[in-house]
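here is a sequence with its predicted model. Questions after.
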Amino acid sequence: MDQRSAPKARARKRVLIVDDEPSVLSMLRGFFASFQHGHVYQITTAESATDAFSLLRQEQFDLILLDIVMPAARGLWIKERNLGLGLLARFRDLGVTAPVLMMTGVWKDVGKEGEARNAGVAGVLYKPIALRELDETVERILRSDAASAR
């Protein structure tokens with residue numbers, strides 16, 4: 001086969017989505033399947049802070065989508081309602097350097113957005129998340145991350 005006619009291998013990007021709502025996980029999985037960024041997205045999901053932390057101790061990801069309001073473990077809520085922000089700090093303690101997009105259902109919560117940005121997130125998404133917004137944000141972050149890796 002002539003190299004010019006061989007299909008280009010598409011880069012695989014590993015994405016971790018952390019959210020306790022199965023409908024959000026399903027929707028985001030579908031969104032990533034529709035993206036045309038020249039990548040094949042391998043999606044892993046976690047429904048709690050414990051699940052996410054366990055995954056990050058074992059695997060590396062290119063991008064993390066993290067809900068701000070998370071249970072500590074499936075069905076186990078603790079007083080810290082914004083566990084996602086605390087979890088982000090624990091990720092960094094593990095040496096996780098992947099860009100993180102925080103997600104929140106609280107519309108335009110300037111205080112939480114400020115905390116998230118101060119914690120070093122790559123962006124904040126408001127639920128319900130629009131396909132176009134997520135598409136553009138993911139493309140921008142992965143392009144920026146690739147450029148800084150050079």
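It's in. Numbers count the residues shown, from 1 in each chain.

show me where this structure has helices.
Assigned by DSSP state H, the helices in the chain fall at 22-34, 49-58, 83-93, 110-118, 131-149.

and residue 19, what does it touch?
Residue 19 makes contact with 25, 28, 45, 47, 65, 67, 70, 103 under the criterion CB atoms under 8 Å, 6 or more residues apart in numbering. C-beta coordinates here come from the backbone N, C-alpha and C atoms, glycine included.

circling back: what would the helices of the chain look like in TSV with mean neighbour count and mean pLDDT?
TSV is the format used below for the helices of the chain (neighbours: other CB atoms under 10 Å; pLDDT from 0 to 100):
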stretch	mean neighbour count	mean pLDDT
helix 22-34	15	94
helix 49-58	17	90
helix 83-93	18	79
helix 110-118	14	79
helix 131-149	14	87
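
still on that earlier bit, now the contacts of residue 19 in a markdown table, with distance to residue 143?
Shown next, in a markdown table, are those (distance: CB to CB, whole Å):
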| residue | distance to residue 143 |
| --- | --- |
| 25 | 25 |
| 28 | 20 |
| 45 | 24 |
| 47 | 29 |
| 65 | 17 |
| 67 | 24 |
| 70 | 28 |
| 103 | 20 |
